[in-house]
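# Structure for the following, please:
(one chain, ligands or ions: 1)
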Amino acid sequence: MRAPLVIGNWKMNGSLASNIELAKAVAASNLSDNVQVAVCPPMLHVSAVAEQIKGTKVGLGTQTLSEHDNGAYTGEISANMLTEMGVSYVLCGHSERRALFGETDKQVADKVKAALAAGLTPVLCVGETDAEREAGETLAVIERQIRAVLDLQDVFPATVVAYEPVWAIGTGKTATAEQAQAVHLFIRTLVGSETQILYGGSVKATNAGELFAMADIDGGLIGGAALDATSFAAICNAVR
Ligand code: 13P
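This next block holds a predicted model:
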């Protein structure tokens, strides 16, 4: 049975002080026993957030990692450095990383591999752009992004998949529950019945219940609404 999972992606938001407060508020929230929860603060705030959520049910994640183990990679952070800090989850190939920082399918696959080797849970982010959906390429794009990691050993169910249609991220546009379910069902055929598949893209407390009610939507990857502890907790508690 797949456990429901909700992850907050704080992106590059907040200050040290405000993110400590946010972590404290999420940790103090009344969260259902049913749901696994994690937050991904900005990298520099990881240790301060870790302090706040220690001993609670809120897990720690980061928004990216290096695919390399160590060496001359100025500015990068390795998988082992993350595990040392108590990190459990790491987003790999978020659409903003792919679009703004040029991450390729191959590089994303290398990041998933590095994360798995260090005992982290990778969260492989996939999703089509508006133009790709309009051109009828949604499933082909998702399949290409997932096939890039399928050749690795034992990737699923150790890796979580997050389906985030790029046109729904930060836009207020959400895929309908039926649209999202159709893509999740397709992803399921590639990654198997035990893999957790999350939906992301303008999930709010008001639409989470409808999305999470779908058979193959196992939770969410939440951006903007994760910056408010009350709405994040309401989303976490909307799982089946
Ligand atoms: P929003 O929830 O702000 O649309 O962001 C989704 C996202 O990119 C989470 O990783």
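# For the protein, which segments count as strands?
Listed in chain order, the strands of the chain (DSSP state E) span 5-9, 36-40, 58-62, 89-92, 121-126, 160-163, 197-200, 219-222.
# Tell me how far the fourth one lies from the chain's centre.
The chain centre lies 6 Å from the centre of strand 89-92; the measure is Cα atoms, centre = their mean, to the nearest Å.
# Partner strands of that strand and their direction?
Each strand that pairs with strand 89-92, with its direction, by DSSP bridges: strand 58-62 (parallel), strand 121-126 (parallel).
# would JSON lines of these with mean neighbour count be doable?
(C-beta placed from N, C-alpha, C; glycine too.) Shown next, in JSON lines, are those (neighbours: other Cβ atoms under 10 Å):
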{"stretch": "strand 58-62", "mean neighbour count": "22"}
{"stretch": "strand 121-126", "mean neighbour count": "26"}
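# Reformat those as CSV; add mean pLDDT and distance to the ligand.
Supplementary listing: the strands paired with strand 89-92 in CSV, determined by pLDDT from 0 to 100; distance: least, Cβ to the nearest ligand atom, whole Å:
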stretch, mean pLDDT, distance to the ligand
strand 58-62, 98, 11
strand 121-126, 98, 7
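# Between these, which one is closest to Ala234.
strand 58-62 (15.1 Å; Cβ to Cβ).
# what's the angle between that closest one and strand 5-9?
Orientation note: strand 58-62 sits at an angle of 50 degrees relative to strand 5-9 (axes from the mean of the first three to the mean of the last three Cα atoms, to 10 degrees).
# Output strand 58-62 as CSV, nothing but the C-alphas.
As requested, the backbone C-alpha atoms of strand 58-62 are provided in CSV (Å, rounded to 0.1, in the frame of the first residue of the first chain):
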residue,chain,number,x,y,z
VAL,A,58,8.1,16.5,9.3
GLY,A,59,10.9,15.2,7.2
LEU,A,60,13.6,17.3,5.5
GLY,A,61,14.3,17.6,1.8
THR,A,62,16.3,19.8,-0.5
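# what does that strand rub up against?
When contacts are defined by Cβ atoms under 8 Å, 6 or more residues apart in numbering, strand 58-62 is touched by residues 7, 23, 26-27, 31, 36-41, 43, 46, 49-50, 53, 77, 82, 85-91, 123.
# Nothing else from me, thank you.
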